[in-house]
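>>> got a structure for you, letters missing:
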């Protein structure tokens with residue numbers, strides 16, 4: 001999967017352990033799915049998963065890793081990947097914007113990205129198959145980029161991996177889950193929370209000022225293929241300025257989280273949050289306690305790779321070191337109270 005700020009790769013075993021401890025749970029809603037890493041792992045474990053994210057690139061990742069079933073797309077996807085890998089490069093929007101006006105990819109790979117993306121658009125493929133191919137292209141581009149993992153800046157000198165030839169591979173699309181095929185939504189979290197009734201609602205909201213749209217604007221443009229006007233040294237999409245998240249604003253994030261928590265329709269609520277976030281542990285517990293009994297699990301982890309590498313300016317020059325190299329990740333688990341104040345328990349079979 002792509003390099004990603006806030007990835008829950010190291011926390012996955014703990015998250016799945018919590019899910020398994022929640023009696024009778026078979027259906028999971030992931031409201032801020034990001035790379036769909038948690039949804040993908042839950043699908044592998046057999047859960048029926050509904051993933052949601054309002055960013056187009058994240059919705060596409062969820063469509064590939066949660067909604068698409070391998071048995072339905074594998075033959076066509078492999079055939080098309082072979083076809084696309086044979087395409088010659090053709091310079092276009094990516095080459096101009098991210099190889100010439102910026103330096104995220106070597107021009108030879110930018111030209112390949114352009115050619116493949118245009119061909120995907122031309123074919124008007126079924127939704128799940130198109131998502132799998134877009135993710136294959138996204139991941140191929142990620143393997144040859146020249147960044148520290150974020151798209152806020154590129155490196156001053158080309159990364160060694162950027163010299164490799166861009167090559168598509170079939171993403172790790174899973175077979176249909178034991179408890180049913182998944183679904184990918186592209187809604188606002190508040191709307192998605194109210195739209196589905198599930199056993200477990202999993203929340204991993206943005207926790208500080210870092211905007212995922214700004215950090216991964218290339219993937220958003222690659223998926224939307226709207227060839228937007230761009231600005232700044234990093235050539236970010238112009239709508240980065242007009243699509244802020246309330247979760248990235250210190251004065252608004254508490255109210256935003258409280259609204260989503262109140263809207264959830266589930267028997268259990270699992271919330272992932274970091275001690276680097278705008279909200280304290282006590283503040284989050286107070287919000288969650290409005291829905292039921294709360295327990296908390298703490299995990300100590302090294303911070304994301306960009307923090308360990310250091311601080312870079314927009315020209316890709318290292319300008320400082322990060323003081324804090326570890327953080328605490330919290331898993332809050334809520335047994336949502338039923339009418340009358342009782343916490344949810346195992347449903348009895350009729």
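The structure has been received and is ready for your questions. Remember, predicted model here, so these are calculated numbers, not experimental data.
>>> Contacts only, for the residue lying closest to residue 41 once chain neighbours are set aside.
Excluding the flanking residues, the one nearest residue 41 by Cβ to Cβ, 6 or more residues apart in numbering is residue 12, at 5.1 Å. In this view, the C-beta of every residue, glycine as well, is placed from N, C-alpha and C. Listed by Cβ atoms under 8 Å, 6 or more residues apart in numbering, the contact partners of residue 12 are 37-38, 41.
>>> Then residue 209?
248-250.
>>> With pLDDT and secondary structure added, can I get the contacts of residue 12 in JSON lines?
Below are those laid out as JSON lines (pLDDT from 0 to 100; DSSP: H, G, I helix; E, B strand; the rest coil):
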{"residue": "37", "pLDDT": "95", "secondary structure": "helix"}
{"residue": "38", "pLDDT": "97", "secondary structure": "helix"}
{"residue": "41", "pLDDT": "97", "secondary structure": "helix"}
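>>> ok, residues contacting the helix or strand hosting residue 50?
Counting by DSSP states H and E, the element that carries residue 50 is strand 48-52. Strand 48-52 is contacted by residues 26-33, 36, 39, 42-43, 59, 62, 65-67, 177, 179-187, 189, 192, 196, 198 when judged by Cβ under 8 Å, 6+ apart.
>>> Please tell me the pLDDT value assigned to residue 302.
For residue 302, the pLDDT comes out at 64.
>>> for the contacts of residue 12, which one is nearest residue 123?
Using Cβ to Cβ, residue 37 comes nearest to residue 123 of these, at 28.0 Å.
>>> Among the contacts of strand 48-52, which are located in helices?
Among those, DSSP state H puts 39, 42-43, 59, 62, 189, 192 in helices.
>>> can you give me the helices for the stretch 101-250 of the chain?
107-123, 127-142, 189-195, 212-215, 217-224 (DSSP state H, counting those that start in this stretch).
>>> Please point out which parts of the last one sit buried.
Along helix 217-224, the positions that meet the burial threshold by neighbour count (16 or more other Cβ atoms under 10 Å) are 217-223.
>>> TSV for these, including pLDDT and distance to residue 280?
Shown next, in TSV, are those (pLDDT from 0 to 100; distance: Cβ to Cβ, whole Å):
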residue	pLDDT	distance to residue 280
217	97	30
218	97	34
219	97	32
220	98	31
221	98	36
222	98	37
223	98	35
